[in-house]
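**Q** Please find the sequence and the predicted model below.
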Amino acid sequence: MTSDNRIGPPRFGTERDMLRAFLEYHRATLAMKCEGLTAEELRQQSVPPSTLSLLGLVRHMAEVERAWFRRAFEDNDAPMVWSDEIDFQAAYDASASTREEAFAAWEAEVENSRRIERETESLDRAGYQPRWGEEVSLRMVMVHVLLEYGRHNGHADFLREAVDGTVGA
């Protein structure tokens, strides 16, 4: 990794400002963990039997963004990016994926999610999560996606260290 250019969340602010800032911080963290790596390095898998890779995480987070923002608030029937069956695990298989493909999909979904959030007047706006068959609020979606990034960025730490050869160093 080169330098850390992430913008940290504010110490004070409205609930929405805090959710937005923490989500942006975690999105930037995933991008930072992938910075400067080739597609081959991004596809490097963790310890067997796991097939987890940084590129797989980027692909997975594109699916997460789509499932929780686009499908809940715009188009309940929007197909997933890499799965015809709403299988979030399919995105982890980045063996034939390119850096450009994965990042283009992720960045497009992030931009769409940002637009949906910006255009939504209230955190209490209800959307429909087709996977659950229930309504969900924008607040719940933002918290859920934030937690997804938090969990997966923890994996990204170890994956990056493995690529850099600093695990256990």
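**A** Done, it's in. Everything quoted here is computed from the prediction, not taken from an experiment.

**Q** Residue 63: neighbour count?
**A** Using other Cβ atoms under 10 Å, residue 63 has 24 other residues around it. All C-beta spots, glycine's among them, are computed from the backbone N, C-alpha and C.

**Q** nearest spatial neighbour of it, skipping sequence neighbours?
**A** What sits nearest to residue 63 in space, not counting adjacent residues and going by Cβ to Cβ, 6 or more residues apart in numbering, is residue 91, at 4.7 Å.

**Q** One more: residue 61?
**A** residue 106 (5.9 Å).

**Q** Check the spacing between that neighbour and residue 10 real quick.
**A** 25 Å (Cβ to Cβ, to the nearest Å).

**Q** go on, residue 54?
**A** 28 Å.

**Q** Off-centre distance for the longest helix along the chain?
**A** For the chain, the longest helix by residue count, based on DSSP state H, is helix 138-164. On the basis of Cα atoms, centre = their mean, to the nearest Å, helix 138-164 sits 7 Å off its chain's mean C-alpha point.

**Q** other SSEs contacting that helix?
**A** helix 15-34, helix 54-65, helix 71-73, helix 99-119, strand 126-129 (3 or more Cβ pairs under 8 Å, 6 or more residues apart in numbering; DSSP states H and E).
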